[in-house]
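# kindly generate the corresponding structure for this input.
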Amino acid sequence: MKASELRIKSLDEVKGELKELLRAQFAMRMQIATQQSTKVDQLGKVRKDIARARTIIGEKAKQL
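Numbering: from 1, shown residues only. The predicted model follows:
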């Protein structure tokens, strides 16, 4: 997800998106640990999306 897409959303929507990304990250970590998935590169993409979401939340919190 691009940062510009997150900036359009409200703070609550971004927090919801972050929650979903964290769940996805946990699920991916468990799949990789149990060798059910070999898509290790997807984990890095999710981590970057989490960082983007947290950055946008910080920016929006400063605006309030």
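# what's the offset of the helix or strand hosting S4 from the middle of its chain?
Secondary structure assignment for S4, by DSSP states H and E: helix 3-8. In this view, helix 3-8 has its centroid 13 Å away from the chain centroid, taken as C-alpha atoms, centre = their mean, to the nearest Å.
# just the helices in this structure please.
3-8, 11-33, 40-63 (DSSP state H).
# next, the buried residues of the helix holding S4.
For helix 3-8, burial by neighbour count (16 or more other C-beta atoms under 10 Å) applies to L6. No exception for glycine: its C-beta is placed from N, CA and C like everyone else's.
# show me what it is packed against.
Where contact means 3 or more C-beta pairs under 8 Å, 6 or more residues apart in numbering; DSSP states H and E, helix 3-8 is packed against helix 40-63.
# quick check: closest non-adjacent residue to the residue most central in space within the chain.
Most central in the chain under C-alpha atoms, centre = their mean is I50, positioned 2.9 Å from the mean C-alpha point. Excluding the flanking residues, the one nearest I50 by C-beta to C-beta, 6 or more residues apart in numbering is L21, at 4.9 Å.
# what's the neighbour count on that neighbour?
L21 has 20 neighbours, counted by other C-beta atoms under 10 Å.
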